Every structure is written in structure tokens, then in C-alpha cells.
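Chemist: Model the following, please.
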Amino acid sequence: MGARAQYVVVENGAWQRYYSHWAAHRVARDLLPGPVAATRCFRAHREIDEWLDDVWCEGAALVDHDRRTLFWFAATDDWADHLATRSVLARTWPGWDVRFAHDGMGDLTHHLGLGRDLTRTPGWFETFEPRGFAASEYSEPCTVASLRLPDGSVRAWGSDWDPVDHLAGGRRLIDLIAASSATPALTDMPHGGVHFDPGARTVSLWAVQTVAGVHDWPLPGWEDWVLDFRGVDHTLQAGLLPADFPFPSPSLPAALRRLGEGLGVPLPDTSALLARAAGAAGPEGTTPVVNPAALVQPEPADPTPAELAVLRGAIDALVSESAAG
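Modeler: Now for the predicted structure:
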């Protein structure tokens, strides 16, 4: 159990790795005050000499002071929160190349010249033979799948699968999508989308989360097809969706205000809770083993008053601009 995060700091030609067992959900928030505060925060964590893989690492950041480049990813399913985070980072990391690490740990190791497969075993990208299409069974799908039909029209469906899972299913999935029944129109913005155009043999994909594998194209089953990977840009698919299935328009000011909540407030002390959890008995006949790292609380970002003032100013300015525009 945990929310494992890995941080890499590059400075003066050398790099170090750091680890937190619980801070994956805080990666983006800890980056918001800027490169100096983020570096100070990450270096307060335990230094390690190993890499986490895409299974165990739920959030990560690489801060390269030499090339003024930031790579980061963190678990999020909310389009507006992701866009708000990127907007603030553009203000608080001026002069830096800020990139979302869509390829997960692969983007970090590739940036360091270590390749994309350092943390991945052969055959790590698992394909499957689809037996049906994952039309949403819930009130809100996480992905929109759209398809250009032979007559040139486009249909769209909500899906419970993450965007990249539609590629793992191979081209047979297209026929299953085409034969599936309609799904309700969206009420919330999904965190990704995939569009199939069989006539052009092209599949387009966007996401505000990691989509590890997109740089290994063609994936099995997609030979002779082109991947149009669009990062977080959903506008191509938005322009293709039928009129009765549009993307909603989330409130960016509301998401920006959420980022501002709790700035400068110390993290809660969870040591007593962790101790109780560590002392809990396991199922009968088993002996529980506690990972020592699970007992270490995440280090706070602890930005200075000046850094907090800059961050609050950036958020306030973005809220005003978004509300006016």
C-alpha cells in the first residue's frame, strides 16, 4: 500500500534520486511554488540508488537545473485540475521547459540518456483480445472513443477504459465499437480520448494522464497505421464529435481556486495512524510484514513566504484572466 513517488534532481552534470512512500498525490502541488522550492522539497526525502517502475511509481518529477527542464506526472482523472496545474507551472517556472511525462518513467530515464526501457521488462506492454467494447457502466466515462464510419460521419461513445487500453485491444476493437449501442452524452470532461479513422489508417489519442507505450509505435496489431499522439490537446477530437455528443466545458477558475486551497498549511501528522496500521494483525495463518518506508511521513513542500506570495499571485492572476476570457 502507498502512493509511491520518485524524484530526480539534476544539477552540475550529476543527478540524484529520491523517494517518498506517500507523496504521489502531492507531486503536482509540491511543484507549484517553483524550481527552488520543489528542489528543496524533493531533497528532503530519502535518497535512493534505484528506479521505481511504471507499476509501483504513481507520481514522479525530474528537475533538470542544467537544461532548465521539468518532467512530471501524477495520478489525476480531472481535466480541469490538470489544465489548472499546467497553467500555474507556466507562471512559476518561467524560462523552463515544463513537460508532462506521458510515457511515465520512460520519459525521465530517456531524458537522462538511459533509454525508455530501463524500468520495463520485455513484453511489459500487455495486449489482449477484446470480447466486447468497454461502454461505460458508470455515470461518467473516463475516455471518449470516436470512430469515422465508411459514410464519413463520426460516432462517439463513453468508455470505462483508459485511453491507451483501446490500443492494447488492437484493430478488432474497431468493429466492436461500431456495433455497440449509444452511450449517454457527457456531463463531465473525460481525462482522455481516442479517435479511429480506418479510411486514413490513423488513430489519434490525447490524455491528461500517462499513456506509457505511445513511443513504442507501432504497437502490436497496429502495423501500417499511423499514431497521431496529441498530448493533452483534445481540440482535434472535440471538432470531430457529433453535435449530440460534445465535450463539456469545465470551469478553469474553479480548478485554479482549488489549487490555492490549503497553501502553506502543514501536512497532518499521520504517525499515530501509521503506527496503528503497522500493528494490525494479518489474516489468520499469515504474518504481516511492514515496509519500513510506509512508516515515514511525506516531507512537506514548506515554501517560504516569498515563494507562497508568488504562487498566490500567479493563481489570482490566472483566475482573473480565466473569468474575464
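Chemist: which non-adjacent residue is nearest V208?
Modeler: Of all residues not flanking V208 in the chain, H82 sits nearest, at 3.9 Å (CB to CB, 6 or more residues apart in numbering). Every C-beta, even on glycine, is put in place using the N, C-alpha and C of the backbone.
Chemist: check contacts around that neighbour.
Modeler: For H82, the contact set (CB atoms under 8 Å, 6 or more residues apart in numbering) comprises 76, 191, 208, 232.
Chemist: where's it, which helix or strand?
Modeler: helix 79-92 (DSSP states H and E).
Chemist: Please identify the buried residues of that helix?
Modeler: For helix 79-92, the buried set under the neighbour-count rule, 16 or more other CB atoms under 10 Å, comprises 79-89, 91-92.
Chemist: pLDDT and distance to G106 added to the residues you listed, as CSV?
Modeler: Putting those into CSV (pLDDT from 0 to 100; distance: CB to CB, whole Å) gives the following:
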residue, pLDDT, distance to G106
W79, 91, 23
A80, 92, 27
D81, 93, 24
H82, 94, 19
L83, 94, 23
A84, 95, 26
T85, 95, 21
R86, 96, 20
S87, 96, 25
V88, 97, 25
L89, 98, 21
R91, 97, 28
T92, 97, 26
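Chemist: Could you dump the residues you listed into a markdown table with distance to G170 added?
Modeler: Shown next, in a markdown table, are those (distance: CB to CB, whole Å):
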| residue | distance to G170 |
| --- | --- |
| W79 | 27 |
| A80 | 32 |
| D81 | 32 |
| H82 | 28 |
| L83 | 31 |
| A84 | 35 |
| T85 | 33 |
| R86 | 32 |
| S87 | 36 |
| V88 | 39 |
| L89 | 36 |
| R91 | 42 |
| T92 | 42 |
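Chemist: for the residues you listed, which one is nearest P305?
Modeler: T92 (15.0 Å; CB to CB).
Chemist: How about the closest one: what's its closest non-neighbour residue?
Modeler: Excluding its sequence neighbours, the residue lying closest to T92 (CB to CB, 6+ apart) is G34, at 4.4 Å.
Chemist: The one you found against E307, yeah?
Modeler: Yes - G34 is within contact range of E307, at 6.2 Å (criterion: CB atoms under 8 Å).
Chemist: Looking at the buried residues of helix 79-92, which one is closest to H25?
Modeler: Scanning the buried residues of helix 79-92 for proximity to H25, where the rule is CB to CB, the winner is D81, at 11.6 Å.
Chemist: element containing the closest residue to the closest one other than its chain neighbours, please.
Modeler: If the residues on either side of it in the chain are set aside, D81 comes closest to A255, at 5.0 Å by CB to CB, 6+ apart. Secondary structure assignment for A255, by DSSP H and E: helix 252-260.
Chemist: what's the distance between D302 and E58?
Modeler: 22 Å (CB to CB, to the nearest Å).
Chemist: I misspoke; the intended subject was C41.
Modeler: Distance from C41 to E58, by CB to CB: 17 Å.
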